[in-house]
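Chemist: Build me a structure from this.
(one chain, ligands or ions: 2)
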Amino acid sequence: MIVLGIETSCDETAAAIVADDRRILAEVVRSQVDQHAPWGGVVPEVAARAHLDVLDGLIARVMAVSSLAFADLDGIAVTGGPGLIGGVIVGVMTAKAIAAAAERPFIAVNHLEAHALTARLTDGVAFPYLLLLVSGGHCQLLIVDGVGRYRRLGTTIDDALGEAFDKVAKLLGLGYPGGPALERVARSGDPRRFDLPRPMRGRPDCHFSFSGLKTAVRQIVDTWPGGSLGAPDIADLAASFQTAAADAVADRTRRAIAMFRGVHADGDTLVVAGGVAANGELRARLAALAAAEGMRLIAPPLALCTDNAAMIAWAGIERLRLGLTDALDFAPRPRWPLDPSAPAAAFAGVKA
Ligand code: KG4
Ligand code: ZN
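Modeler: Numbers count the residues shown, from 1 in each chain. Ligands and ions are numbered 1, 2, ... in the order given. I've put the predicted structure just below:
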């Protein structure tokens, strides 16, 4: 089984061709970071136009690299949401056109499900597993019981983890995109220099919160004697933030492991996915936690943590295997929770 995957839900345009024996036959990711950098964040209209400019060329390239024709494909998979709707529409319309013209099955993939299933592409992980999904827009702990079967244990009551990295990077003048820049600077910093809060630590649930941590950094920056921090101070503050965030995530994940084991007593696999899974400090903390809890940690290679189309093609393969295809009247979805039945968390303003 061979599937073409298309990803256009945020600021990466990507196409890939993946086979059901877990081989990535061709893959290309085009970042729009240069187009958004002047604005300090992703501008939805700019993103949609940029996807439109390059998507057909990227698809032609992966088809050429893999020496395949559209007729050779077993399906066309595309991110159907959640995401910036203009970009999602560009991808969905393109996928529908190819599916209609080549008379191949069309599969609308939930972007979060694609992140969630990536560990099965990279490591062949079996169900069930505990998933920590940390990206620019999402921060969730879920039990993954199967394709389309997710139980949300925890979510963020304010910012997503990647969003917190991006906002703190901006506060520190590290530019955009913030997460990778902050990690780079933090390498030369002292993580013990600033005593920052570990939000939600010790709470019996496993929800997240990062806005208080971000505010603590802002207060340090705003009240800095003499006005502006020097490079060593910025490195120390970046390192202190990164450590506090990783601590908080490790604490919440420890709670989730207990809940996971309440459901699956012999569950032994923790998977981390999403763009922030590229962060080395976070990976190290999770690896230590997993070892202490008798779990194994699966973290996909960096290029498959951040947005890409191989994960979309793979999710398409997983759905095709179960006979799950979509009609050509599928409507792109700006919001698309993995576990629609998750009870609202016990506070106001919780993101789905
Ligand atoms: O999954 P992703 O590529 O896009 C979505 O949000 O769906 O995640 C992007 C997020 C951004 O917030 C980015 O700053 C963050 O992941 N990120 C990182 C690192 N690499 C990417 N955060 C911390 N450290 C990193 N090395
Ligand atoms: Zn993503």
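Chemist: make it CA atoms for all contacts and neighbour counts henceforth
Modeler: Noted.
Chemist: For Ala315, see how far away the nearest residue to Glu103 once chain neighbours are set aside is.
Modeler: Of all residues not flanking Glu103 in the chain, Ala71 sits nearest, at 7.8 Å (Cα to Cα, 6 or more residues apart in numbering). As judged by Cα to Cα, to the nearest Å, Ala71 and Ala315 stand 20 Å apart.
Chemist: residues from the stretch 1-150 of the chain in reach of ligand 1?
Modeler: Listed as neighbours of ligand 1 in the stretch 1-150 of the chain under the rule Cα under 6 Å from any ligand atom: Ser135, Gly136, Gly137.
Chemist: Please tell me how far the nearest residue to the second one once chain neighbours are set aside sits from Cys206.
Modeler: If I follow you right, that is Gly136. Excluding the flanking residues, the one nearest Gly136 by Cα to Cα, 6+ apart is Gly162, at 4.1 Å. In this view, Gly162 and Cys206 are 18 Å apart by Cα to Cα.
Chemist: What are the phi and psi values at the closest residue to Tyr150 other than its chain neighbours?
Modeler: The spatial neighbour of Tyr150 that comes closest, neighbours along the chain excluded (Cα to Cα, 6+ apart), is Val144 at 4.9 Å. Torsion angles at Val144 (phi, psi; degrees, to the nearest 10) stand at phi -100, psi 110.
Chemist: residues touching Val144, list them.
Modeler: Contact analysis of Val144 by Cα atoms under 8 Å, 6 or more residues apart in numbering lists Ala116, Phe127, Pro128, Tyr129, Leu130, Leu131, Tyr150, Arg151.
Chemist: Am I right that Leu25 is in contact with Ala19?
Modeler: Yes. Contact criterion Cα atoms under 8 Å: Leu25 and Ala19 qualify, at 7.0 Å.
Chemist: Span of stretch 29-37 from start to end?
Modeler: End-to-end distance (Cα to Cα), stretch 29-37: 18 Å.
Chemist: Quick check: buried residues in it?
Modeler: Neighbour counts over stretch 29-37 (16 or more other Cα atoms under 10 Å) mark Val29, Arg30, Ser31, Gln32, Val33, Gln35, His36 as buried.
Chemist: So what touches that stretch?
Modeler: The contact list for stretch 29-37 (Cα under 8 Å, 6+ apart) reads 11-15, 42-43, 46-47, 50, 175-177, 308-309.
Chemist: Give me the subset of those lying in strands.
Modeler: Judged by DSSP state E, those include Glu12, Thr13, Ala14, Ala15 as members of strands.
Chemist: With neighbour count and pLDDT added, can I get those residues in CSV?
Modeler: As requested, the ones in strands among the contacts of stretch 29-37 are exported to CSV (neighbours: other Cα atoms under 10 Å; pLDDT from 0 to 100):
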residue, neighbour count, pLDDT
Glu12, 21, 96
Thr13, 28, 98
Ala14, 27, 98
Ala15, 33, 98
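Chemist: In terms of distance to ligand 1, which of these ranks first?
Modeler: Relative to ligand 1, the closest of the ones in strands among the contacts of stretch 29-37 is Glu12; by Cα to the nearest ligand atom it sits at 8.0 Å.
Chemist: Pretty sure the closest one sits against Gly275.
Modeler: No. Look at Glu12 against Gly275 with Cα under 8 Å: they stay out of range, at 11.8 Å.
Chemist: Please see if the one helix or strand Arg184 maps to touches ligand 1.
Modeler: For Arg184, the element it lies in under DSSP states H and E is helix 178-186. Yes. Judged by Cα under 6 Å from any ligand atom, helix 178-186 comes into contact with ligand 1 at Gly178, Gly179, Pro180, Glu183.
Chemist: Need phi/psi at Asp145.
Modeler: Dihedral pair for Asp145: phi -90, psi -20, per degrees, to the nearest 10.
Chemist: got it, and Ala126?
Modeler: Residue torsions, per degrees, to the nearest 10, at Ala126 are phi -90, psi 150.
Chemist: about what we covered before: could you check which of Ala71 and Ala315 has the larger neighbour count?
Modeler: When neighbours are counted by other Cα atoms under 10 Å, Ala71 and Ala315 differ, and Ala315 comes out ahead with 33 against 13.
Chemist: Go ahead and confirm the more buried one touches Glu113.
Modeler: Yes. Using Cα under 8 Å, Ala315 is in contact with Glu113, at 7.1 Å.
Chemist: Where does pLDDT dip in this protein?
Modeler: Applying pLDDT under 70 to the chain flags the ranges 344-352.
Chemist: For it, just list every one of the strands.
Modeler: 2-7, 12-19, 24-31, 75-81, 106-110, 129-134, 139-146, 149-154, 269-273, 296-298.
Chemist: Could you spell out the sheet neighbours of the last one, each with its direction?
Modeler: So the one you mean is strand 296-298. Applying DSSP bridges to the sheet, strand 296-298 is found paired with strand 269-273 (parallel).
Chemist: So which bits of the stretch 251-352 of the chain are right by ligand 1?
Modeler: Contact residues (Cα under 6 Å from any ligand atom) of the stretch 251-352 of the chain with ligand 1: Gly274, Gly275, Val276, Ala278, Asn279, Thr306, Asp307.
Chemist: residue contacts, Val147?
Modeler: Val147 makes contacts with Leu117, Glu318, Arg319, as judged by Cα under 8 Å, 6+ apart.
Chemist: pretty sure the first one contacts Ile317?
Modeler: No. Counting by Cα under 8 Å, Ile317 is not a contact partner of Leu117; they are 10.6 Å apart.
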